[in-house]
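> Sharing a sequence plus its predicted fold:
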Amino acid sequence: MTHQEILRKVEWKDLRSLSVKEMLIENNLTIPWFVISLTLAYFGYYIFALPFSAFFFLTGLRQVHNGFHNSLGTNKFLTWLSLYTNSVLMMVAIHAVKFNHIRHHKYCLSEEDYEGKSAGMSWYGAILYGPVHMFLIHKVTLQLGNKNYKKNVIIELVSIALFAAIVFYFNVHFLIYHIIVMIIGEFMMAFFAVWTVHHDTHESPEFARTQRSGWKNKITFSMFYHLEHHLFPAVPTIKLPELAKRIDEVIPEIEKKSTF
């Protein structure tokens, strides 16, 4: 079954809109994890802060990912502000990630898909490739992006550099901890955000891996409904569980390779 046939068979357009409650969830999901992680780090409890930092990173990914697809339920400026703020907090130019992610949907796992390069590697190869991945997505955006993308990436990189310089100059220990953990998280993106959901799918790139286990989806904030996302990228993350049910009801025969 082709992608277009799936789009015609599954009811999905109503899932694009968010209620006020859903919009507030998607735009504020990061806050409790960020506050708790920094509070614990401030008092020197770095080990205890780590899981909360990890959840902040994961929910930050969910937030910016929805922003890439204009699925936060907010206007253009607020969506931009979300991407910019998360750039500084997550230590990466999010507009560079966005540029490559949109290309990833267009050129999925082809030579033009720079985001998807690690999908064809071994799991440990994808981990080792992580720093190269982060460098490459910035380089590609500055080379191929339009003026708006380039401007936003430069603004974000300058802001990140200023933030890091101030933190290290004044030796703000809990923010130094935060910066280090975020950089490690970014270096793991080629593995967690690409390899896990796309390895061994090159024959049918549009059919990414997915996750159907309830508790696994809860602890990963529904970020591994990747088959569903690639088929219907305009659907916000909070609606992906419902979308998965509809796909299963209408096309139960569709192959669902597990993420983990």
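Structure's in. What do you need?
> got a pLDDT number for the residue of the chain most remote from its centre?
The outermost residue of the chain, judged by C-alpha distance from the chain's mean C-alpha position using CA atoms, centre = their mean, is Phe170 at 31.0 Å. Confidence per residue is given as pLDDT, and for Phe170 that number is 98.
> next one: phi and psi at it?
Backbone torsions of Phe170, given as degrees, to the nearest 10, read phi -90, psi 0.
> next one: Ile251
phi -130, psi 70.
> now Ser113: how far from Ala126?
For residue 113 the amino acid is Asp, not Ser. As for Asp113, its distance to Ala126 is 14 Å (criterion: CB to CB, to the nearest Å). Where C-beta positions appear, they are placed from N, C-alpha and C, glycine not excepted.
> which one of these two has more residues nearby?
Ala126 (25 against 20; other CB atoms under 10 Å).
> For His3, grab the count of nearby residues.
Here the neighbour count serves as a burial measure; for His3 (other CB under 10 Å) it reads 13.
> cool, and the one 5 residues further on?
Around Arg8 there are 8 other residues, counting by other CB under 10 Å.
> In terms of helix, strand or coil, where does it fall?
Per DSSP: H, G, I helix; E, B strand; the rest coil, the secondary structure class of Arg8 is helix.
> separation between it and Leu58?
When CB to CB is the yardstick, Arg8 and Leu58 sit 33 Å from each other.
> same deal with Phe43?
Taking CB to CB as the criterion, Phe43 is separated from Leu58 by 23 Å.
> Then Leu29?
Distance from Leu29 to Leu58, by CB to CB: 9 Å.
> Overlap of the contact sets of the two?
Taking CB atoms under 8 Å, 6 or more residues apart in numbering as the contact rule, the neighbours common to Leu29 and Leu58 are Phe221.
> circling back: more crowded one of Phe43 and Leu58?
Remark: of Phe43 and Leu58, Leu58 carries more neighbours, 19 against 11, as counted by other CB under 10 Å.
> is it fair to say that one lies in a helix?
Yes. With the criterion set as three-state DSSP, the secondary structure at Leu58 is a helix.
> Once you drop chain neighbours, what's closest to it?
Among residues not flanking Leu58 along the chain, Phe221 sits closest, at 5.8 Å (CB to CB, 6 or more residues apart in numbering).
> residues touching the one you found, list them.
Residues in contact with Phe221 (CB under 8 Å, 6+ apart) are 29, 55, 58-59, 62, 237.
> can I assume it sits in a strand?
No. Under three-state DSSP, Phe221 sits outside any strand and is assigned coil.
> ok, it to His105 distance?
Where His105 is concerned, Phe221 sits at a distance of 21 Å (CB to CB).
> Give me the pLDDT value at the residue positioned nearest the centre of the chain.
Centroid-nearest residue in the chain: Leu61, 3.6 Å away (criterion: CA atoms, centre = their mean). Note for Leu61: predicted pLDDT of 98.
> surely it meets Glu186?
No. Using CB atoms under 8 Å, Leu61 is not in contact with Glu186; the gap is 10.3 Å.
> So Pro233, which state does it fall into?
Going by three-state DSSP, the secondary structure assigned to Pro233 is coil.
> Noted, bye for now.
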